[in-house]
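A.B. asks: Here is a sequence with its predicted model. Questions after.
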Amino acid sequence: MRDYLIKRGVSALVTLALAIILTFFLFRIMPGDPTRTVVGDFRVTPEVRQMLIHQFGLDQPIWVQFVLYIQNLLTGNLGVSFQYRGTPVTSIIFGRRLFNTFILMGSSIGVALVIGIIVGTVAAWKRESKFDILTVIFSLVTYSMPVFWLGMLIILVFGYYLNSIPIAGTITVGMTYSNVFEYAADYLHHMTGPFVTLTLSFIGFYFLIMRDSILDVFTEDYMLTAKAKGLSDRKILFRHAMRNATLPMVSLMAVEVTYLFGGATMTETVFSWYGIGRLIYEAVVMADFPVLQGIFVIMSVLVISANFCADIAYAFLDPRIRY
């Protein structure tokens, strides 16, 4: 285990270094003029424009910008934003936007995971029944459906025609709240649309993974032994099949860390949800390199760390695995 951890740790560090290098150069080959973001649409003199460009270091050679970027990154400085006129990237990311994304993505992923695991388990147990066929069709439809189209459909039907959910935003603009419960109710009311959209898009994926895992577990010898011991169907299904079939979910949840931090960009953009996903969209449009770099560096660290922890967890969850 020690040798394996050392190898995995070195591999994770190399992957992180490559991700940091790729992140720096990737956004600089994108179309867009960051100097226009700095000065905006205002008519400024060439002297003032050059002063602002120099202030943000955009007049430096690319290798000088890279060295400064690495130096700042090692000290925890992610730079300053272009579109927010020098506001530190850390204060933009680790603020209200991150909280909104965590609440939205955490709740939708959690609910979809529970529903997908339970329904997938039952569908596999009742293989080729009407329940199994209907749930597979429903999962394939929701999984293949474009999330932005589903979001716009929910806005059209429930927001415009039925007027039962807010069309956009996280809270009602200009509304004063008498207590925290009133604020929470308004916040959750605005979260209904993006929450339903993301939950439906996640359920299909979790369901299909769980159903296939259960079907694989049914072919194992210990399942036949459990039946021979006279255990009830409920115990066989939930104590043996379901527990062992959830192991692939460990790796799956490591990948989902990206969504917890980055958010679903298209969903947050469609519903104007004030989160990290919409921040990514705004940064791409405005060619705000520091914000994009900061978000993707943090996402890289989280995903690589989560996968490293998942590999370690596998060794303890599945005694058949030996490194």
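C.D. replies: Received it, and whenever you're ready, just let me know what you need. Numbering: from 1, shown residues only.
A.B. asks: Now residue 311: closest residue in space, sequence neighbours ignored.
C.D. replies: Using C-beta to C-beta, 6 or more residues apart in numbering and skipping the chain neighbours, the partner closest in space to residue 311 is residue 8 (5.8 Å). C-beta coordinates here come from the backbone N, C-alpha and C atoms, glycine included.
A.B. asks: ugh, typo on my part, it should be residue 151
C.D. replies: Closest to residue 151 by C-beta to C-beta, 6+ apart is residue 270, at 4.0 Å.
A.B. asks: hang on, the one you found packs against residue 148?
C.D. replies: Yes - Residue 270 is within contact range of residue 148, at 5.5 Å (criterion: C-beta atoms under 8 Å).
A.B. asks: Looking at these two, which one has more neighbours?
C.D. replies: residue 270 (24 against 15; other C-beta atoms under 10 Å).
A.B. asks: Pull the contacting residues for the more buried one.
C.D. replies: Counting by C-beta atoms under 8 Å, 6 or more residues apart in numbering, residue 270 makes contact with 148, 151, 152, 155, 194, 197.
A.B. asks: mind redoing it with 6 Å?
C.D. replies: 148, 151, 152 (C-beta atoms under 6 Å, 6 or more residues apart in numbering).
A.B. asks: Mind putting these into JSON lines with distance to residue 201, secondary structure and pLDDT?
C.D. replies: Converted to JSON lines, the contacts of residue 270 look like this (distance: C-beta to C-beta, whole Å; DSSP: H, G, I helix; E, B strand; the rest coil; pLDDT from 0 to 100):
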{"residue": "148", "distance to residue 201": "10", "secondary structure": "helix", "pLDDT": "89"}
{"residue": "151", "distance to residue 201": "9", "secondary structure": "helix", "pLDDT": "91"}
{"residue": "152", "distance to residue 201": "13", "secondary structure": "helix", "pLDDT": "93"}
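A.B. asks: Between these, which sits nearest residue 290?
C.D. replies: Nearest to residue 290 out of these is residue 148 (C-beta to C-beta; 26.7 Å).
A.B. asks: list the contacts for the nearest residue to residue 117 once chain neighbours are set aside?
C.D. replies: Closest residue to residue 117 in three dimensions, ignoring its sequence neighbours and counting by C-beta to C-beta, 6+ apart: residue 210, at 5.1 Å. Shown in contact with residue 210 (C-beta under 6 Å, 6+ apart): 116, 117, 120.
A.B. asks: Which of the residues you listed sits closest to residue 171?
C.D. replies: Using C-beta to C-beta, residue 116 is the member of the contacts of residue 210 that lies nearest residue 171, at 30.1 Å.
A.B. asks: and the closest one, what does it touch?
C.D. replies: 203, 206, 207, 210.
A.B. asks: Save these as a markdown table, and put in distance to residue 108 too.
C.D. replies: Supplementary listing: the contacts of residue 116 in a markdown table, determined by distance: C-beta to C-beta, whole Å:
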| residue | distance to residue 108 |
| --- | --- |
| 203 | 10 |
| 206 | 11 |
| 207 | 15 |
| 210 | 17 |
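A.B. asks: Touching stretch 140-151 from outside, list them.
C.D. replies: Contacts for stretch 140-151 (C-beta under 6 Å, 6+ apart): 197, 200, 201, 204, 205, 266, 267, 270.
A.B. asks: any idea how far the last one is from residue 84?
C.D. replies: From residue 270 over to residue 84 the distance is 23 Å, taken as C-beta to C-beta, to the nearest Å.
A.B. asks: For residue 56, give me the pLDDT.
C.D. replies: Per-residue pLDDT puts residue 56 at 61.
A.B. asks: what does stretch 93-112 contact?
C.D. replies: 170, 194-195, 198-199, 202-203, 206, 256, 259-260, 263, 274-276, 279, 294.
A.B. asks: Lovely, talk soon.
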